[in-house]
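Participant: please work out how this folds:
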Amino acid sequence: MRHFNPHESLPSDDSSETPPASSFAPSTDLETVMQHLAEIKRRGLPYETAAARIELLQKILAQMRAASEGSSEVRASFQHELAIASLEHLNAERIQQVDIALGACEEALQFYTLAHYPSQYASVQVTLGNVYRERAVGMRRDDLERAIACYHEALRVFTLADFPYEYAQGQHFLATAYSQRISGEQRDNLEQAITYYHQALQVYTLDALPLEYAAVQNNLCIAYWQRIAGDRRGRPLRVAVKGCGSIP
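Facilitator: Residues are numbered from 1 along each chain as shown. Just a heads-up that it's a prediction; the model follows:
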């Protein structure tokens, strides 16, 4: 069964093309670039605008390196945006884009430290976890362990009390990583995944966040179907059916 990815977008019926990044005036000013990125994002779904965002960000980062201009904080912000756009560029060579995202996260984390920029540090850790979870080269087992470590690191900052949405998002990603985990016992991994899905549902409620709620319910349903622990007389199956029935 396929897991629902909350960052994955479905094709739209809008046939309008996203204008190339070259149609925007290049600038290394953080506010100006963010305005350009926002304008690009408004023109389509994430996977539709990813190529234009990558083009813009790579051009600006190259300009900053050539001119030795721009603060480290600005470069770190652009690197994180590049990592996100690369992960959302579904129509490109996937291995290459994931590698670009990995390098961009590593660059951003050279500046965004837990001590000085905790929320930015945690955000990049979440993105880095997604990179490792999607990576198709190297040891899949090791990459999933790295993804889990990144999500745990992010949740040191993104607590339920201070960052409820980010907390739920981290719990959802963590649950998905555990459901795919190769190391350890499958039964234990599924139990962990189910626990983390339920943690996410503390914030992702049907009334407040119906799309996020549905995504978690879908993945929770899959986890229950895969579950091998518990009452062999059918309790996991009944719980799975009940969970699937909660999806709007």
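Participant: how near is residue 155 to residue 123?
Facilitator: 12 Å (CB to CB, to the nearest Å). In this view, the C-beta of every residue, glycine as well, is placed from N, C-alpha and C.
Participant: among those two, which residue is more densely surrounded?
Facilitator: residue 155 (23 against 20; other CB atoms under 10 Å).
Participant: tell me the confidence at the more buried one?
Facilitator: Note on residue 155: pLDDT of 98.
Participant: is the closest residue to residue 30 other than its chain neighbours within a helix or a strand, and which one?
Facilitator: In space, and not counting its chain neighbours, residue 30 is closest to residue 74: 4.8 Å by CB to CB, 6 or more residues apart in numbering. For residue 74, the host element (DSSP states H and E) is helix 72-88.
Participant: what of residue 121?
Facilitator: When elements are assigned from DSSP H and E, residue 121 belongs to helix 118-134.
Participant: which residues touch stretch 82-89?
Facilitator: 7, 9, 46-47, 50-51, 53-54, 57-58, 61, 97-98, 100-102, 104-105, 108, 124, 127-128, 130-131, 134 (CB atoms under 8 Å, 6 or more residues apart in numbering).
Participant: which among those end up buried?
Facilitator: 46-47, 50-51, 53-54, 57-58, 61, 97-98, 100-102, 104-105, 108, 124, 127-128, 130-131, 134 (16 or more other CB atoms under 10 Å).
Participant: quick revisit: pull the distance from the helix holding residue 74 to the chain's centre.
Facilitator: Put simply, helix 72-88 sits 13 Å off its chain's centre (CA atoms, centre = their mean, to the nearest Å).
Participant: what's the angle from that helix to helix 118-134?
Facilitator: Between the axes of helix 72-88 and helix 118-134, defined by axes from the mean of the first three to the mean of the last three CA atoms, to 10 degrees, the angle is 30 degrees.
Participant: when you give positions from now on, start the count at 81
Facilitator: Right, with 81 as the first residue, what we last looked at is helix 152-168.
Participant: any idea how this structure splits into domains?
Facilitator: The record's domain parsing of the chain by automatic domain parsing lists 98-237, 238-328.
Participant: pick out the shakiest of those, pLDDT-wise.
Facilitator: Ranked by mean pLDDT, the domains of the chain end with domain 238-328 at the bottom, a mean of 86.
Participant: measure how far that one is from the centre of its chain, please.
Facilitator: Here domain 238-328 shows a centroid-to-chain-centroid distance of 16 Å under the convention CA atoms, centre = their mean.
Participant: got the contact list for stretch 232-244?
Facilitator: When contacts are defined by CB under 8 Å, 6+ apart, stretch 232-244 is touched by residues 194, 198-199, 201-203, 205-206, 209, 246-247, 249-251, 254, 282-283.
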